[in-house]
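S.K.: sequence and predicted structure below; questions after.
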Amino acid sequence: SQKIEQNSEALNIQEGKTATLTCNYTNYSPAYLQWYRQDPGRGPVFLLLIRENEKEKRKERLKVTFDTTLKQSLFHITASQPADSATYLCALRRAGGFKTIFGAGTRLFVKA
Amino acid sequence: GAGVSQSPSNKVTEKGKDVELRCDPISGHTALYWYRQRLGQGLEFLIYFQGNSAPDKSGLPSDRFSAERTGESVSTLTIQRTQQEDSAVYLCASSLVITGGTDEAFFGQGTRLTVV
């Protein structure tokens, strides 16, 4: 069955460092991969989308890579800040469909 | 409205009772999704509505779950004969489906359902 794996352990980093989160998937061929941020008690908020024919996408301090051979996406936050502390979810969708499946998320803590 | 609105924000119900959860999507958004999120877990797809097309119900976990949407407006998710394993946060999202767009999904704050 299709599966999305994100690091279940929380990631703790120091302010100013680069945070790197991983999303791996199996038994799935996504055309689109999205990253969302979720704060406690809130719904997820969209951050970035990358398509299967794109290797990398950037938005301000965020960078996402998408390797369809490795079946992996990496999500980077550069110059991290305590305000970046949240859970980050990756989400996949096939071409021509709208059913988006989500990973369990990785909790990020940025210490001042 | 300004965003996706869900009601109630919290619901405590007794096992065996029926519950109805409501979602008001962003005006003009043709797509509407329901997800379930158990504590510490990811979002579990339940159902998807897109315009007047037949909904994708492939994620509904049992026939106790059903959802309706009137046109491109309000949606209700109904859970009949609730069980304790139904306890979770139920999230609704809407998006504007356009060719070449990001199909960014805007989420509501969720309804926290507790079955006792």
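M.R.: Thanks, I have it. Predicted, not measured: the structure shown is a model, and the values here were computed from it. Residues are numbered from 1 along each chain as shown, chains lettered A, B, ... in the order given.

S.K.: near chain A, which residues of chain B are found?
M.R.: Of all the residues in chain B, those in contact range of chain A (C-beta under 8 Å from any C-beta of the partner chain) are B:4, B:31, B:33, B:35, B:40-45, B:48, B:50, B:56, B:58-59, B:91, B:93, B:97, B:102-110. No exception for glycine: its C-beta is placed from N, CA and C like everyone else's.

S.K.: quick one, strands of chain A?
M.R.: In chain A, strands defined by DSSP state E lie at A:3-6, A:11-14, A:19-26, A:32-38, A:45-51, A:56-59, A:62-67, A:72-77, A:86-93, A:101-102, A:106-111, listed in chain order.

S.K.: mind checking how far the third one is from the chain centre?
M.R.: Between the mean C-alpha point of strand A:19-26 and the mean C-alpha point of its chain there is a distance of 6 Å (C-alpha atoms, centre = their mean, to the nearest Å).

S.K.: in its sheet, what does it sit against?
M.R.: Within its sheet, strand A:19-26 is paired with strand A:3-6 (antiparallel), strand A:72-77 (antiparallel), according to DSSP bridges.

S.K.: tell me which of those strands sits most buried.
M.R.: With neighbours defined by mean count of other C-beta atoms under 10 Å in any protein chain shown, none of these is more surrounded on average than strand A:72-77, at a mean of 20.

S.K.: contacts for it?
M.R.: When contacts are defined by C-beta atoms under 8 Å, 6 or more residues apart in numbering or on different chains, strand A:72-77 is touched by residues A:18-25, A:33, A:35, A:48, A:50, A:61-67, A:84, A:88, A:90, A:108.

S.K.: tell me what angle that strand forms with strand A:32-38.
M.R.: When axes from the mean of the first three to the mean of the last three C-alpha atoms, to 10 degrees is applied, the directions of strand A:72-77 and strand A:32-38 differ by 40 degrees.
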